[in-house]
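Visitor: what follows is a protein structure lacking sequence information:
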């Protein structure tokens, strides 16, 4: 009997290597998304990989067509499929090599429009007819920018080269196919087809199919933390066919063996293939492959054959760059850039037309005028030859082009480069912020996208995932309902004074790594040997919890040699919680092999043979296991979601008990607990044998295996006795309610999108203070389009009713001011969303959703999450932010304007797709309210200031050109023109853009309302642009005309007055900046005043070059009092309007930021009292 | 969950964990908490700034006005007067002809005492010395050293003679050197004009070589202006050096020389002008200027007026702001002005 059971189980194992993918529905859907998001269309239709994998596996026999498969010959890399070139195992994350660095880097850089503009201008300038600047000065800005970027890229690439080298030179143990001996080889030399041995705790060099493992049943455990961030151990299996003769000393690799598998792809959860060894054909699935980037754990060794190497490994195919989004400020900035281009073209046209008119008026004079000399007299053969004159039309055209060159910095190209520096600096401070560091996961804030920092200051909608984002995704068993009796009075074991220790051999103590609070009543019931029905069922309940799972217990050493800990590893946190709970109640799972498990039942070690396991799938929503108990009875344990379980209970049941259980379940889910129902059935021998034969058949069948297995499972899972139900708490993360309250004060709407049940979602909503009891709940929970339409119309009617009471709430929502009214909450489920999204009902939903304070979407599929984000994004200008941790949040993270990944329990896919990643939900508050606010304020000011400072300079050039017969001469030396935006004025803007703070962190956290400044676009708008441009015109007039009028009719030469203009404009724009700086620290001082000094030094150096016409001019003019009086007069006259306007604005129309700044400075006490009043 | 078993490995790995921790090190810089000054524009600061500027600017304005007023300046436009009556219709032919007598004489009265040195300038108007074609047409290397004599880049159309030998100094600027001359006398007694040191010393020392002699200069088909003495090195051709510091604006003055003695009020000075320079082809104007100097340079009232205007505007603004602060007092930092306190919201 036992023997029979064992063989059966082994056979079952042989034929059906079960991919351990019991997961709750969200996990399943998450993998499906991972597949579709990875852009691997082949699997995008897969909704439930656990079931579908096996199906695909079976189908793969046929599906794997010659054309899209590769052949790998065991142990013989030379023979492997000649149709495809297979790379060596060396990886290359570096972009450049020494030789191609220069051309490739330059090419990459010129893909940006800004650089092309630079280049076009520089090329134009090389034409002899329109050469405005000398060669050097015209190429300087471009060369500078290219050089800086190239140096940065080269440094980054060098670091990548270094890490590649380390990775490629690691040692792997490779089998020589002839002798069968293993020898050491470097990773980069491993080739497809080679047989590789990996020892425990070693990294896996390439993607390989398992041939053998140290475990006799062929199990191997791998840790995939580097691949998907999940720290749990995953189980992988070697095929029995290959297990028999592991390649090695005594058994060389079978030269006839080969593997046919699919072409390399990005799907880390999928693999299709089959293998022929010893004349037998075996199918291969994702459970038979171990991937590069994983680490072998808990297994002494494995032997595998390399199938994908180097750049074709799944980990390399998955390493993609950060997403490229554009910040809203940058988009708005482009509008102003277009305006500036229009101004530039207008200036150039004015220049060209004036030049034409001037030439026309003076056409008779120009032949003799000494300064023009139109006719070339040097060539005596042809008296009519003109010197450098191409007719009026061409002269006008050339003038136009020349003006473009001279006025080029009207378009502030340097701004794009400064912005990158500023974002880099801002990212540095965000990463270094100690408040964004998560102690528990030891993770810092990550900036993955570098171009949307300032968007963080303008968010209006936050879309949050629930599990793992609002909650910790650390499941904790809270209460159990057994036979309708609720046991939830848990106390910690330590308080009880007893601990469950299992004494193992040689006096060693084994205990679970974590213990759970236990209910003393329940413990007493379990300990009581009396055969009360309740006690018996309670024991069965915990036995079911201990058996019915895919958890692998690992024994971990501690510092105390006598004590060992059992660490339960598994893919589902819910299962872990249940097994820890059953251990705390005395049912300790100690060992799992493929055929049996050992459970310590209240002190007695008992062996249960696992005869069959029906995996979880989202159609059945339950899993089951068939075990042979020590007393030779055969039991079926089932656990699953309540609605699926109550459908398969036995007919003659105690209805009272069922009702009580249902009531308990309802109570649990209203507390926000995740519930599972556990049931069992004792199988008769006949029943078991029937099942066994069909199960064996199904497991060995090649076609539609998954479907068959599912049918068998449904067939056996019926007539169940309900043992009870469990309630697992998914704890709220620290500070979530406070964070949500702050965000709401800041005018940010928080929407929660979850895959959970409606009740669970609502209860979580209450516990994180998203929902309050005063709120009117609008629940849309419909099964058809018509009922959806009706619910929406009812909801619209309802808010209109409220709107009639308080004036125009819709308008108020748009302006961000919420008036006193009944707050409303919309709760909608995924089924209804199916009928609403992407139909005409969307508009109605948008209307309802925007007037509601809170929106809760439950039971939503990953793609629906993105649909909801798109609903807001497409219909309003509001900035959206999505935050989530799981692969099911990827689509929403990519859809939103800002995507944030929580680097927590679940995989790294959310983080990989995100723009920013952090450890905790509550960090959102400092991130948005503090860094977002600062970044927005800084960036907005910096953009406007850069427009202004370049415009001032251009207008000065323009005014001067009016007095040079419109010929684009500049009094300011060409070197100063080239250096102006690069050196003279850039550093202060970058420093201010990185360091200026309008308000302190404390104040911003205290008054979340200040965040609305960003939502209202307070610091950047067309109006502000026009104002600052007007100021630029005035200041350029002051800079140009004061010296002009002072030096008119004097002996002043061009270079001297040019130097005066250069210094005056630099001083003026820096004083302008200084006047707007809100926080002066030593770096700001150094940058602003240093820049003025640096400019003076540059001007002096330029005037020390004796081959330039302006030699010594600066010394001459600086020696006169007139120069200094001009400088002072220009500065004061230039700043007077800005200063007066600023004072008036701050005094008469103070912004919130301004008032709080004043409060900070003068009214600390008053601020606290007003706060009391507010509350 | 209750980490019962964790206590031992926790303490064990504590040191290691601390080493591995990625927690950002605290520094005032990385936490953006550097000590800083947060200036605010309070009424006191605003009003005192305006008053300070006013108080500073008005005296400066007055001082520059008086300095400018003390400068004595005699300006005489001679380009039309110096053309004989019969040639007025065709001034260009007159000036281009080598046969006409271009000497003309005039007298003027010294209005006030002029203290030595009295600067003699010529002023040209409508002459675009900053014209792009013109201003670039020079070669500073050639001017500087004999070694670069052949260097005539940028000098076209006055770069080389037709046979290809370089013109020294090359370029339009040198070619168009001003060539009117003036001599002054009072009661038939000649007034010395000192033409030494009219150029910048730095130009003479470093920009114009002492070993560079004029060569092939002004021998082309069109005479632009003055000829140069080929035996004097460029560093001593001060008129050329002055001319080659091109003016910033189309109306400009250039120093011609100095009279090293005082001119008494009402003194009659007769000037003999050699009117050679052709400004008639482009409607240019020529003036002779005698002027004393002060610390603000020549006669120019603009700076004083500007300072007075700015100064008084600031005083006015100071008063205006005082009135504003009195009429519309606002307590700085009064929280009741905050937008969310003005429009109390629902929560």
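Guide: Now that the structure is in, tell me what you want to look at. Quick caveat, the model's predicted, so the values are computed rather than measured. Numbers count the residues shown, from 1 in each chain, chains lettered A, B, ... in the order given.

Visitor: for the stretch 101-250 of chain B, which segments count as helices?
Guide: Assigned by DSSP state H, counting those that start in this stretch, the stretch 101-250 of chain B shows helices spanning B:132-135, B:140-144, B:172-175, B:201-202, B:238-244.

Visitor: which one of those helices has the most crowded surroundings?
Guide: Each of the helices of the stretch 101-250 of chain B was scored by mean neighbour count; the highest is helix B:172-175, a mean of 26, by mean count of other Cβ atoms under 10 Å in any protein chain shown. C-betas here are computed from N, CA, C, even on glycine.

Visitor: quick one: that helix near chain A?
Guide: Yes - using Cβ under 8 Å from any Cβ of the partner chain, helix B:172-175 reaches chain A at B:172, B:175.

Visitor: report all helices and strands that that helix contacts.
Guide: Identification of packing neighbours for helix B:172-175 by 3 or more Cβ pairs under 8 Å, 6 or more residues apart in numbering or on different chains; DSSP states H and E yields helix B:132-135, helix B:238-244.

Visitor: got a markdown table for those, with mean pLDDT too?
Guide: A markdown table is the format used below for these (pLDDT from 0 to 100):
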| stretch | mean pLDDT |
| --- | --- |
| helix B:132-135 | 90 |
| helix B:238-244 | 95 |
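
Visitor: burial measure for residue A:181, as a count.
Guide: Residue A:181 has 11 neighbours, counted by other Cβ atoms under 10 Å in any protein chain shown.

Visitor: what does the pLDDT read for residue 32?
Guide: I went with chain A, as the question did not name one. On the pLDDT scale, residue A:32 is placed at 35.

Visitor: you answered for a different chain; I wanted chain B.
Guide: Reading off the confidence values, residue B:32 has pLDDT 87.

Visitor: for it, give me phi and psi.
Guide: phi 60, psi 40 (degrees, to the nearest 10).

Visitor: what sits against the nearest residue to it once chain neighbours are set aside?
Guide: Excluding its sequence neighbours, the residue lying closest to residue B:32 (Cβ to Cβ, 6 or more residues apart in numbering or on different chains) is residue A:429, at 5.7 Å. Contact partners of residue A:429, counting by Cβ atoms under 8 Å, 6 or more residues apart in numbering or on different chains, are A:931, A:994, B:30, B:32.

Visitor: top of those by neighbour count?
Guide: residue A:931 (27 neighbours).

Visitor: pretty sure that one sits against residue A:456.
Guide: Yes - Residue A:931 is in contact with residue A:456 according to Cβ atoms under 8 Å; the separation is 6.2 Å.

Visitor: before we move on, the earlier item: let me have the contacts of residue A:429 in CSV, extended by secondary structure.
Guide: What follows is those, written out as CSV (DSSP: H, G, I helix; E, B strand; the rest coil):
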residue, secondary structure
A:931, helix
A:994, helix
B:30, coil
B:32, coil
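
Visitor: is residue A:778 in a helix, a strand, or coil?
Guide: Secondary structure, three-state DSSP: residue A:778 is strand.

Visitor: how close does it get to residue A:871?
Guide: The gap separating residue A:778 from residue A:871 is 16 Å, by Cβ to Cβ, to the nearest Å.

Visitor: likewise residue A:124?
Guide: For residue A:124, the distance to residue A:871 equals 48 Å [Cβ to Cβ].

Visitor: out of the two, which sits in the more crowded spot?
Guide: Just comparing residue A:124 and residue A:871: by other Cβ under 10 Å the higher neighbour count belongs to residue A:871, 22 against 17.

Visitor: for that one, which non-adjacent residue is spatially closest?
Guide: Counting by Cβ to Cβ, 6+ apart, residue A:846 is the residue found nearest to residue A:871 once chain neighbours are left out, at 5.7 Å.

Visitor: show the average pLDDT along the helix or strand the one you found falls within.
Guide: Element membership of residue A:846 [criterion: DSSP states H and E] is helix A:841-851. Mean per-residue pLDDT for helix A:841-851: 88.

Visitor: chain center to the lengthiest strand in chain A: distance?
Guide: Using DSSP state E to assign secondary structure, the strand with the most residues in chain A is strand A:604-617. In terms of Cα atoms, centre = their mean, to the nearest Å, the centre of strand A:604-617 is set 39 Å apart from its chain centre.

Visitor: ok, stretch A:944-955 next?
Guide: How far stretch A:944-955 lies from its chain's middle: 36 Å, per Cα atoms, centre = their mean.

Visitor: now stretch B:163-170
Guide: With Cα atoms, centre = their mean, you get 31 Å for stretch B:163-170.

Visitor: what does stretch A:655-666 give?
Guide: Distance, centroid of stretch A:655-666 to centroid of chain: 43 Å (Cα atoms, centre = their mean).

Visitor: run through who's touching that stretch.
Guide: A:481, A:483-486, A:642, A:646, A:649, A:675, A:677, A:722, A:724-725, A:759.

Visitor: mind listing what's buried in it?
Guide: Within stretch A:655-666, the residues that qualify as buried are A:657, A:660-662, A:664-665, counting by 16 or more other Cβ atoms under 10 Å in any protein chain shown.
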